[in-house]
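Engineer: no FASTA, just this:
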Ligand SMILES: C[C@@]1(CC(=O)O)C2=NC(=C\c3[nH]c(c(CCC(=O)O)c3CC(=O)O)Cc3[nH]c(c(CC(=O)O)c3CCC(=O)O)/C=C3\N/C(=C\2)[C@@H](CCC(=O)O)[C@]3(C)CC(=O)O)/[C@H]1CCC(=O)O
Ligand SMILES: NC(=O)c1ccc[n+]([C@@H]2O[C@H](COP(=O)([O-])OP(=O)(O)OC[C@H]3O[C@@H](n4cnc5c(N)ncnc54)[C@H](O)[C@@H]3O)[C@@H](O)[C@H]2O)c1
């Protein structure tokens, strides 16, 4: 059965990552972009992860998870099982499921409530792509296709539309009128940006700080 796509506010949510290898690093890099409160448990970790711990992006517990210290997981919102010890990953996943803690296991065939999608991100606008764990290479392939269709300026457009929507709500217009105006506004603003592409890109060069479209969260993993 296909997975249900649910967009979760991860700001300040506790995530426990088990393992300190390449998969843990990949997941942690993604989670940092969404403000999660990241903990990692593993006695051996990569240099990049050590650097992230030193810079306080993550809190590192320098020991291995065992059946005796599974309570490290107790307060987590999400647990990522990314150790190379399959039996340990399974034990941790079972512990989490008993307690209704979300769990994502990096190994195929293990207990998993969720997977990481591939992401096209333009500011607050997020497109998540997944094959429900089936073919990650297809997920990436589709991400690369969709990225071409959605220019960076959609992030800025979303911020402008947010304000417009607020104004429309305060104007006392009914919902169906608001919907009509917003759709017209989106089409108009999109056209302006598409037609003035060159000009628009130059404008961004003059204002390197930009206006909130902070790019793609999916690439390079
Ligand atoms: C989206 C992305 C996010 C991220 O994690 O970075 C992601 N995988 C990405 C890329 C990718 N991963 C792999 C390849 C090589 C091709 C291949 O081998 O297939 C490529 C493609 C490439 O890199 O070109 C290897 C791989 N991946 C998994 C396994 C285990 C298995 O299933 O066997 C193996 C085999 C390991 C082995 O053979 O040892 C499993 C998972 N990978 C997932 C996510 C979840 C399901 C996503 C979905 O529903 O589609 C899940 C279940 C993990 C989870 O639980 O979250 C990221 C795209 C980022 C981007 O946009 O560029
Ligand atoms: N999801 C994916 O995309 C994907 C891709 C490749 C591999 N995998 C699977 O994910 C797992 C991790 O892969 P990797 O490349 O990061 O491996 P890795 O060898 O780079 O890292 C494994 C880490 O697990 C740690 N570890 C081992 N036992 C532990 C314990 N009891 N408690 C805490 N940490 C412990 C090790 O110290 C090490 O840091 C593997 O089992 C692999 O098959 C998943």
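Structural biologist: Here it is on my side, so go on. The shown structure was predicted, so the numbers you read here are calculated from the model rather than taken from an experiment. Ligands and ions are numbered 1, 2, ... in the order given.

Engineer: from here on, just use CA atoms for contacts and neighbour counts.
Structural biologist: Fine.

Engineer: quick check: mean pLDDT across the longest helix along the chain?
Structural biologist: In the chain, assigned by DSSP state H, the helix with the most residues is helix 175-195. Mean per-residue pLDDT for helix 175-195: 92.

Engineer: kindly report the same for stretch 78-94.
Structural biologist: Mean predicted lDDT for stretch 78-94 stands at 96.

Engineer: buried residues in that stretch?
Structural biologist: For stretch 78-94, burial by neighbour count (16 or more other C-alpha atoms under 10 Å) applies to 78-83, 88-94.

Engineer: list the contacts of residue 19.
Structural biologist: Counting by C-alpha atoms under 8 Å, 6 or more residues apart in numbering, residue 19 makes contact with 40, 41, 42, 44, 45, 81, 82, 83, 84.

Engineer: contacts for stretch 53-62?
Structural biologist: Residues contacting stretch 53-62 (C-alpha under 8 Å, 6+ apart): 32, 37, 38, 39, 40, 41, 42, 43, 44, 52.

Engineer: which of these fall in strands?
Structural biologist: Counting by DSSP state E, these place 37, 38, 39, 40, 41 in strands.

Engineer: report the entries of these that also contact ligand 2.
Structural biologist: residue 41 (C-alpha under 6 Å from any ligand atom).

Engineer: most neighbours of all the ones in strands among the contacts of stretch 53-62, which one?
Structural biologist: Of all the ones in strands among the contacts of stretch 53-62, residue 40 has the most neighbours under the rule other C-alpha atoms under 10 Å, reaching 27 neighbours.

Engineer: wouldn't it be in contact with residue 17 here?
Structural biologist: Yes. Between residue 40 and residue 17 there is a contact under C-alpha atoms under 8 Å: 4.6 Å.

Engineer: distance from stretch 170-179 to the middle of the chain?
Structural biologist: Put simply, stretch 170-179 sits 32 Å off its chain's centre (C-alpha atoms, centre = their mean, to the nearest Å).

Engineer: how about stretch 57-69?
Structural biologist: 23 Å.

Engineer: does the residue lying farthest from the centre of the chain sit in a helix, a strand or a coil?
Structural biologist: Centroid-distance maximum for the chain: residue 172 at 35.2 Å, with C-alpha atoms, centre = their mean. Going by DSSP: H, G, I helix; E, B strand; the rest coil, the secondary structure assigned to residue 172 is coil.

Engineer: can you read off the pLDDT for it?
Structural biologist: 89.

Engineer: residues in contact with it?
Structural biologist: For residue 172, the contact set (C-alpha under 8 Å, 6+ apart) is empty.
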